[in-house]
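Show me the folded form of this:
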Amino acid sequence: MTPSTKPTVAVIGCGTLGTAIATGMLEPKDSGFGIKHLIATVGTQPSKQRVEGALGAHASRLTVLTQEENVRAVQEADIVLLSVKPFKRATVFDAPGFREAIRGKFVLSIMAGITTKEVGRLVSGDDASSEGQLQAVRAMPNMAARIREAVTLYAPSAGTSRENVEIASWILSQVGEAHQIPEGSFDICAVLVGCAGSLLLLAIDGLLDAAVAEGVRRPEVQNLVVNSAIGMMKLVPAGDHPSVLREKIASPGGCSIRALLELERLGVRSAFTSAIMAAAEKSKAMSSSR
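Next comes the predicted model:
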């Protein structure tokens with residue numbers, strides 16, 4: 001994409017993640033691509049004020065509309081980022097003129113659990129002949145997109161052009177790392193990326209509860225615990241397997257092995273496994289629930 005062909009992007013349903021990605025596009029980390037204008041749509045006037053405030057530094061390249069003008073936003077865009085809640089997708093697509101407006105556009109969807117096949121069904125409606133023309137990429141960033149440290153997975157539909165895949169990769173890379181994976185692996189990988197953080201935060205919260213129970217104020221140790229966990233996690237991509245690290249830390253007769261044995265007695269490891277598998281099943285079911 002050259003400067004003369006910079007696209008206009010519409011973010012439909014510009015919530016927390018949509019705003020983070022919009023910020024990344026308007027304030028890119030690299031100049032590989034770039035956008036001409038961004039149109040964001042939101043559900044309420046307070047949300048409109050929120051987005052205008054968050055992106056106000058780019059007012060000359062920004063238009064913020066309410067959802068009643070979704071069709072206008074899509075009509076004026078080259079790329080459509082679908083950032084609406086999955087259960088609201090039928091309402092968005094059933095709006096008069098929306099399907100007609102989005103056909104022929106490049107669609108980047110961050111609707112959780114929604115496959116590219118389902119995106120194709122939504123776009124085509126009763127017009128089956130338009131399914132084969134779909135240019136779409138399904139993606140799932142995590143909440144760290146807010147500080148541009150997300151890990152985002154993405155998978156293109158079968159007919160998506162190489163150029164559009166590269167554009168999607170660039171957009172998603174502005175909020176962190178972007179990794180293309182086969183769509184067949186998407187549900188389990190997406191919940192690992194999207195849910196693992198919240199599960200680890202639950203574990204950290206439990207550790208801090210122990211400190212409080214022992215008479216230490218939570219703010220006094222919160223950063224100590226978080227930074228310690230971040231440091232340990234960085235040893236894994238450096239080449240150490242989690243089980244090997246655990247063995248190195250748990251010295252004979254020490255405190256760590258006692259803590260680990262207590263977690264095993266309580267079934268914590270299998271609870272994490274079951275939680276992620278349940279989330280993956282929920283993700284698989286979302287495209288079929290309308």
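
Break this protein down into its structural domains.
The chain is divided into the following domains under the TED database: 8-181, 189-288.

Need the residues that contact stretch 100-107.
Contacts to stretch 100-107, defined as CB atoms under 8 Å, 6 or more residues apart in numbering, come from residues 71, 74-75, 77-80, 82, 93, 119, 123-124, 127, 130, 133-137, 160, 164, 167. Using the backbone N, CA and C atoms, a C-beta is placed for each residue, glycine as well.

Report the outermost residue of this protein with respect to its centre.
When distances to the mean C-alpha position of the chain are computed (CA atoms, centre = their mean), the maximum falls on residue 253, with 42.6 Å.

circling back: could you tell me which of the contacts of stretch 100-107 are located in helices?
Secondary structure assignment by DSSP state H places 71, 74, 75, 93, 119, 123, 124, 164, 167 of the contacts of stretch 100-107 in helices.

Considering those residues, which is situated nearest to residue 10?
Comparing the ones in helices among the contacts of stretch 100-107 against residue 10 with CB to CB picks out residue 74 as the nearest, at 5.5 Å.

Give me the pLDDT for the residue lying closest to the closest one once chain neighbours are set aside.
Spatial nearest neighbour of residue 74, chain neighbours left out: residue 101 (4.1 Å); criterion: CB to CB, 6 or more residues apart in numbering. According to the model's per-residue confidence, residue 101 sits at a pLDDT of 97.

doesn't residue 101 fall inside a helix?
Yes - using DSSP: H, G, I helix; E, B strand; the rest coil, the secondary structure at residue 101 is a helix.

what about the helices in this protein?
Listed in chain order, the helices found in the chain under DSSP H are 16-26, 45-54, 70-75, 89-94, 98-102, 116-124, 162-173, 186-213, 218-235, 242-249, 255-265, 268-286.

same for the first one, what does it pack against?
Other elements packing on helix 16-26 under the criterion 3 or more CB pairs under 8 Å, 6 or more residues apart in numbering; DSSP states H and E are strand 8-12, strand 37-42, helix 45-54, helix 162-173.

Check which residues of the second one are buried.
The reference is to strand 37-42. Going by neighbour count (16 or more other CB atoms under 10 Å), the buried part of strand 37-42 is 37, 38, 39, 40, 41, 42.
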